[in-house]
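Participant: quick one, structure for this:
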Amino acid sequence: MGSFFGGIKAGTLSGVLYFGGLAVFNVVVLYLFKADTMHTLTNSFAQYCNSAAPTNSTVSGSVDDCFTAVVTILIPIGAFLGFFLSLLYAGVFGLFFEQIPGPGGPYKGELMALVVGLNLVAFGLSGYYFSYLASIAINVFFVAWTAVYGVLLGSRYQKYTSLISFSSQDDKLLRVFVDGRDLTGKARTFATTSTHQVRAEVADDASFKEWETTGGIKVEDPRSFDTVIEVSGSGQVRAQVGKKY
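Facilitator: Modelled structure (predicted):
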């Protein structure tokens, strides 16, 4: 398991840039194809957008009012909802980072970006358009920008986390548990500047000696079998063990 909060941290900046870019591009396209948009609003949404409607009409307003509502209300709301959806997935991305297939952070980020993008399409949050040409422009940009988002998410996650490997001098005599999980012989990512409980579980005929660390790892009490490590960078934690008899 990786770092949930590392994923949230990476997803915050990535999500702001991702949905900010989608929203800005969507607005630009709507203005570029404003004539087509106004025509669609007039013909397909006449019950809501009718420039000839009297003041006391039950319709929402003029076509210009509807266009303004799409730009100033609908698109920002979509971006807001999409951001929090992506933030949830960013946390999941961090939590299961090691289980996601791929050679590195950017590649794994692309897989998560694909999941986020499919969800946005399913919930109708990928963009708003009212003409064929506008739909092509927005969809092409959406695919390309989602790919950029994936690379950014993965690289940010690696920036905000540290890779720590845990080993035992003899894993048959001693197992290393971190926050209650057996991580002997494994490597995991943790949020940089975080602390974690480490415990050595030894066999009956063995005795714990000490913790040895390299890189950005500091042990609160190297001689204690149950202690705390402070993470400030990537590194290794190795438990030394010996037999009693």
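Participant: for the helix-or-strand element of the chain with minimal mean pLDDT, the distance to its chain's centre please.
Facilitator: Least confident helix or strand, the chain: helix 34-44 with a mean of 86, by mean pLDDT, DSSP states H and E. On the basis of C-alpha atoms, centre = their mean, to the nearest Å, helix 34-44 sits 37 Å off its chain's mean C-alpha point.
Participant: what's the longest strand along the chain packed up against?
Facilitator: Criterion DSSP state E: the longest strand present in the chain is strand 226-243. With contacts defined as 3 or more C-beta pairs under 8 Å, 6 or more residues apart in numbering; DSSP states H and E, the packing partners of strand 226-243 are strand 161-168, strand 174-178, strand 194-202, strand 206-219. Backbone N, C-alpha and C define where each C-beta goes, glycine included.
Participant: returning to that earlier point: output the contacting helices and strands for the least confident helix or strand of the chain.
Facilitator: Applying 3+ C-beta pairs under 8 Å, 6+ apart, one finds that helix 34-44 contacts helix 63-69, helix 132-160.
Participant: now the residue sitting nearest the centre point of the chain. Nearest residue, chain neighbours left out?
Facilitator: The residue lying closest to the centre of the chain (C-alpha atoms, centre = their mean) is residue 90, at 2.0 Å. Nearest non-adjacent residue to residue 90, counting by C-beta to C-beta, 6 or more residues apart in numbering: residue 11, 2.3 Å away.
Participant: where in the protein is pLDDT low?
Facilitator: 1, 48, 50-61, 245 (pLDDT under 70).
Participant: quick one, domains of it?
Facilitator: 4-160, 169-243 (automatic domain parsing).
Participant: want to try CSV for the helices and strands packed on strand 226-243, with distance to residue 139 and mean neighbour count as columns?
Facilitator: Compiled in CSV, the helices and strands packed on strand 226-243 are given as follows (distance: least, C-beta to C-beta, whole Å; neighbours: other C-beta atoms under 10 Å):
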stretch, distance to residue 139, mean neighbour count
strand 161-168, 33, 20
strand 174-178, 44, 20
strand 194-202, 40, 18
strand 206-219, 44, 16
